[in-house]
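Peer 1: pasting the sequence and the predicted coordinates here, then a few questions.
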Amino acid sequence: MVYFRCKLRSGVNHNQTSADRLESQKKFIHYNQRMSEQHPISGVFAAAVTPLDANGQLDLDSLPAYLGFLANRGCHGALLLGTTGEGPSLAHQERVEIMKAALLVRQQHPDFRLLAGSGTPSLEESIANTRRAFDLGMDGVVVLPPYYYRSAGDEGLFAWFSQLIEHAVPHEGVLLGYHIPPVSGVPLSLDLLSRLKDTHPNRFAGIKDSSGSPEHARQLDEQFGKQLVVFNGNDRLFSTALQANASGCITAMASLCSPLLRRVWDSHQSGAADQDTQAQLDAYRTIMDKYPPAPPLVKSMLAIQHGFPRWSVKPPLLDMPVELEASANAELNALRNV
């Protein structure tokens, strides 16, 4: 399966000078070298919301169209059942139904990558979720650490992740740890990542880094370089993370701003930095952070700005109040018109 594609143009532009043609060839070679160096799972991924009707039941019929919308706007793939997808609020069978419905996107977008959140505090439940994800055809899993016992330490976390990998991840499977200490309260230390990578070099691919720390992005690069797959989880740090050898991003804002994220990604692959587009992403993220949590905000904006159904959220989250919807929409629209 070819994941990244670029269009080749036949013929020569005779209006170019020899120096121009040489420079174009160099850029083309540089671009393809970067493509060949990328992990098969890389690029712009949306942290997808989970469609729920007014009664909090799964709206499975809407899911393939929503994922197709993401694909058409530049996303290489999506993470299902993560923080934005309300994964911790969903039962095992609900997770299964969501993954089954999501696979239908590949009828129109066969190269669209699908990751699934599969971690819970229970090791046995995490093993069951992870096995099912791979059995159904997910490209990889993103796994929260067991977040109830926050003082377990690296030794306990290593044992937990190792048992999960050994019992649930196939030899060709991809597992990403989910580093989101502001939410989970359990950081994945550099030493833990190094030990997991040494012990499970293929199946433990890397992490989704939602620390929001530019220093942590640099530390990951210094210690692992391109040996660890790192997905940035904060839109403000996308360019910084790419410069530190990140493999892409997984963000909630991709549901609303994926064309901007894709522009930054494509510029980086061609060897350039798109500071203007990154500045736009910074401004979008500033607005988004004013209206937490992400699931109700993203669902509201998808309905208002893109015509999707008004999906609800599961308790303990609450639907976005109408007055806040109007305020967020006005701010985002003002930004789009700048």
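Peer 2: Structure received. Quick caveat: nothing in here was measured; it's all calculated off a predicted structure.

Peer 1: the spatially most central residue of the chain in helix, strand or coil?
Peer 2: Geometric centre of the chain, nearest residue: I250, 2.0 Å, by Cα atoms, centre = their mean. When classified by DSSP: H, G, I helix; E, B strand; the rest coil, I250 comes out as strand.

Peer 1: I'd say it and A46 touch.
Peer 2: Yes. Using Cβ atoms under 8 Å, I250 makes contact with A46 at a distance of 7.5 Å. Every C-beta, even on glycine, is put in place using the N, C-alpha and C of the backbone.

Peer 1: mutual contacts of the two, please.
Peer 2: L79 (Cβ atoms under 8 Å, 6 or more residues apart in numbering).

Peer 1: rewinding a little: partner residues bridging the residue nearest to the centre of the chain?
Peer 2: Under DSSP bridges, the beta-bridge partners of I250 are F45.

Peer 1: so how far is T84 from it?
Peer 2: Taking Cβ to Cβ, to the nearest Å as the measure, I250 falls 9 Å from T84.

Peer 1: buried residues in the helix or strand containing I287?
Peer 2: Assigned by DSSP states H and E, I287 belongs to helix 275-289. Using 16 or more other Cβ atoms under 10 Å as the test for burial, helix 275-289 gives 277-278, 280-281, 283-285, 287-288.

Peer 1: from the contact counts, what lies against it?
Peer 2: Applying 3 or more Cβ pairs under 8 Å, 6 or more residues apart in numbering; DSSP states H and E, one finds that helix 275-289 contacts helix 238-243, helix 254-269, helix 322-336.

Peer 1: would you turn the buried residues of helix 275-289 into a markdown table with pLDDT and distance to L114?
Peer 2: Below are the buried residues of helix 275-289 laid out as a markdown table (pLDDT from 0 to 100; distance: Cβ to Cβ, whole Å):
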| residue | pLDDT | distance to L114 |
| --- | --- | --- |
| T277 | 97 | 26 |
| Q278 | 98 | 27 |
| Q280 | 96 | 28 |
| L281 | 97 | 24 |
| A283 | 97 | 30 |
| Y284 | 96 | 25 |
| R285 | 97 | 25 |
| I287 | 97 | 28 |
| M288 | 96 | 24 |
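
Peer 1: quick one, strands of this structure?
Peer 2: 43-47, 77-80, 113-117, 140-143, 175-179, 204-209, 229-232, 248-251 (DSSP state E).

Peer 1: mind checking which of those strands is nearest L261?
Peer 2: Evaluated over those, closeness to L261 peaks at strand 43-47, with 4.7 Å, by Cβ to Cβ.

Peer 1: now tell me what touches that closest one from outside.
Peer 2: 4, 70, 74-79, 82-85, 113, 115, 231, 233, 247-252, 254-255, 258, 261-262, 265, 294.

Peer 1: I'd guessed D191 sits against D154; true?
Peer 2: Yes. If you go by Cβ under 8 Å, D191 and D154 touch, sitting 6.1 Å apart.

Peer 1: higher neighbour count, those two?
Peer 2: More neighbours surround D154 than the other of D191 and D154, with 15 against 11 (other Cβ atoms under 10 Å).

Peer 1: which residues does the more buried one contact?
Peer 2: For D154, the contact set (Cβ under 8 Å, 6+ apart) comprises 189, 191-192, 195.

Peer 1: turn the residues you listed into TSV, including distance to L302 and pLDDT.
Peer 2: Formatted as TSV, the contacts of D154 follow (distance: Cβ to Cβ, whole Å; pLDDT from 0 to 100):
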residue	distance to L302	pLDDT
S189	36	98
D191	40	98
L192	36	98
R195	40	98
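
Peer 1: just the residues you listed now: which is nearest K100?
Peer 2: L192 (33.0 Å).

Peer 1: and that closest one, how far from D198?
Peer 2: On the measure of Cβ to Cβ, L192 and D198 end up 11 Å apart.

Peer 1: more crowded one of the two?
Peer 2: L192 (19 against 9).

Peer 1: how about the contacts made by that one?
Peer 2: 154, 157-158.

Peer 1: cutoff 10 Å now
Peer 2: Residues in contact with L192, defined by Cβ atoms under 10 Å, 6 or more residues apart in numbering, are 145, 153-155, 157-158, 161, 177, 179.

Peer 1: nearest to L90, of the helices and strands packed on helix 275-289?
Peer 2: Nearest of the helices and strands packed on helix 275-289 (Cβ to Cβ): helix 254-269, 18.1 Å.

Peer 1: next one: the closest one to chain centre, how far?
Peer 2: 12 Å (Cα atoms, centre = their mean, to the nearest Å).

Peer 1: what about the helices in the stretch 101-250 of the chain?
Peer 2: Using DSSP state H, counting those that start in this stretch, the helices found in the stretch 101-250 of the chain span residues 123-136, 153-168, 181-184, 190-199, 214-224, 238-243.
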